[in-house]
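> Here you go, sequence then predicted model.
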Amino acid sequence: MTEKKRSSRTDNPVRITDPKAMRALAHAARLEAINELYSSQQSRTATELAAFTGLTPSAMSYHLRALKKWGIVVDAPSDGDGRERRWMAAGTDLNIDTASTGQTPGLAIIDMEIESLRSRIASHAKHREAARRQGEPDDSPVMMVSGNVINLTLEQRARFKQRMLELLDEFEHEDLPGGDSGETERMYLLWSMLPEVRDAAKPKPSVRRPQRVKAVDA
């Protein structure tokens, strides 16, 4: 039987507009659980999600129930003996809309995502440095950080975002030769698209050629 292809991340987005729901998201363990559920589009138990966060299963269950209250996660069909409750993402993508609520709640989430990225970068660098000092071969995946500045119209911005989502979908749905051989690695991606903020008193700069910042591989 042919396995049903997973839906695109834009097929069933969950839109968060309530400031209280945004504040409920501003917790490191909750964000980690949300990233896992929405990225994998698979059901997980509190025990499985706790392994990603360092929390106890009971503590993770508490956070999942709080996220369910705001429609971010939902109950999933049980499997096996059904002794432990299963959870899944409420949709294919989670969109946080601060247009009508102000930036403060959303910024708290962004701060936590950036702090999580900083922590992962530090951990990766520490691991590779320890391997070098001990003279051990380091076959861990290379980390890459890259920055660019480009000039885009409103239409181009929308097209750029859509292309990024399609690229993520492409690799998430790609079938590995011979099935999942266990050779894959979890890779964390965090991308942003920010307009330049200028002082109103200053003249608008002339159109510049795209600025490319060399990627940092480590």
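Structure received. Numbering: from 1, shown residues only.
> Walk me through the domains of this structure.
Domain ranges of the chain: 1-141, 144-174+207-218, per automatic domain parsing.
> Out of these, name the one with the poorest average pLDDT.
Among the domains of the chain, domain 144-174+207-218 carries the lowest mean pLDDT, at a mean of 79.
> Now do the SS call for the spatially most central residue of the chain.
Residue closest to the average C-alpha location in the chain (C-alpha atoms, centre = their mean): residue 35, at 5.0 Å. Under DSSP: H, G, I helix; E, B strand; the rest coil, residue 35 falls in the helix class.
> just use 76 as the starting number from now, easier for me
Done: numbering now begins at 76, and the last item shifts to residue 110.
> Give me the buried positions along the longest helix anywhere in the chain.
Secondary structure assigned by DSSP state H gives helix 179-208 as the longest helix of the chain. Residues of helix 179-208 classed as buried: 180, 181, 184, 187, 191, 199 (neighbour count, 16 or more other C-beta atoms under 10 Å). Yep, even glycine has a C-beta here, placed from its N, CA and C like the rest.
> I'd like these as JSON lines, with distance to residue 129 appended.
Below are these laid out as JSON lines (distance: C-beta to C-beta, whole Å):
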{"residue": "180", "distance to residue 129": "25"}
{"residue": "181", "distance to residue 129": "25"}
{"residue": "184", "distance to residue 129": "20"}
{"residue": "187", "distance to residue 129": "15"}
{"residue": "191", "distance to residue 129": "13"}
{"residue": "199", "distance to residue 129": "18"}
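> Which of these sits closest to residue 224?
residue 181 (23.1 Å; C-beta to C-beta).
> Give the closest residue to the closest one in space, chain neighbours not counted.
Leaving out its chain neighbours, the residue that sits closest to residue 181 by C-beta to C-beta, 6 or more residues apart in numbering is residue 173, at 4.0 Å.
> measure residue 201 to residue 221 for me?
Look at residue 201 and residue 221: by C-beta to C-beta, to the nearest Å, they are 21 Å apart.
> got it, and residue 144?
In terms of C-beta to C-beta, residue 144 sits 38 Å off from residue 221.
> now swap in residue 241 and tell me
In terms of C-beta to C-beta, residue 241 sits 19 Å off from residue 221.
> And for residue 173?
Counting by C-beta to C-beta, the gap from residue 173 to residue 221 is 26 Å.
> Which parts of this structure are strands?
88-91, 119-120, 148-151, 161-164, 168-171, 219-224, 286-292 (DSSP state E).
> Turn these into CSV, columns for mean neighbour count and distance to residue 237.
Shown next, in CSV, are the strands of the chain (neighbours: other C-beta atoms under 10 Å; distance: least, C-beta to C-beta, whole Å):
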stretch, mean neighbour count, distance to residue 237
strand 88-91, 16, 13
strand 119-120, 21, 29
strand 148-151, 18, 26
strand 161-164, 21, 21
strand 168-171, 16, 12
strand 219-224, 11, 18
strand 286-292, 10, 22
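> Including distance to residue 100, could these go into TSV?
Formatted as TSV, the strands of the chain follow (distance: least, C-beta to C-beta, whole Å):
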stretch	distance to residue 100
strand 88-91	7
strand 119-120	17
strand 148-151	11
strand 161-164	13
strand 168-171	7
strand 219-224	25
strand 286-292	29
